[in-house]
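Asks: sequence and predicted structure are below.
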Amino acid sequence: MKLAEALQERADLNIRIQQLRSRLENNALVQEGEQPSENPEDLLKELNECVSRLEWLISRINTTNCGTVVNGQTLTEMIAKKDALTVKLSIYRDLVNTSSRSAYRARNSEIKILPTLAVRKLQMETDEMSKQLRLLDNALQQTNWTTDLKESE
């Protein structure tokens, strides 16, 4: 199994587990004399199977991410870099948007609002971070589709 396939299955399992949770909650109580629309015992069995599979996948994904090196960095390091860059980029984009707004003044006597940062420079830095994030994500995706899932050590 390729790493990308395991990641997709993990995402699907997380959705499935949330659906099972909701179905269990919907069938946990019934009016006296009524039957639940689904058997809670069967749902619990399916939930336990999904959670066990999820645990297995997470373990293998983490082992693979720690043991796979691309351009001198493990996938774990690349993912951390991507996550941090995503946070930073989001803040920079918001800052560019805020700094770029011009305040409307009806008269010259009204208070003038000015940006405190060089918007053009900030936009150039934002564009460069966007490029870095895109290239990093491309490298991760390519590696995910070419790397076999490792067994735990």
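Replies: Thanks, I have the structure now.

Asks: ok, which stretches of this protein are helices?
Replies: 3-26, 40-67, 75-100, 119-146 (DSSP state H).

Asks: for residue 59, give its distance to residue 144.
Replies: Look at residue 59 and residue 144: by Cβ to Cβ, to the nearest Å, they are 17 Å apart. Every residue, glycine included, has its C-beta placed from N, CA and C.

Asks: who has more neighbours out of these two?
Replies: Neighbour count, other Cβ atoms under 10 Å: between residue 59 and residue 144, residue 144 has more, with 20 against 13.

Asks: name all residues that make contact with the more buried one.
Replies: 2, 3, 4, 7 (Cβ atoms under 8 Å, 6 or more residues apart in numbering).

Asks: can you pick the most crowded of those residues?
Replies: With neighbours taken as other Cβ under 10 Å, the top of the contacts of residue 144 is residue 3, carrying 22 neighbours.

Asks: that one contacts residue 148, correct?
Replies: Yes - using Cβ atoms under 8 Å, residue 3 makes contact with residue 148 at a distance of 7.3 Å.

Asks: please enumerate the shared neighbours of those two.
Replies: With Cβ under 8 Å, 6+ apart as the test, residue 3 and residue 148 both reach residue 64.
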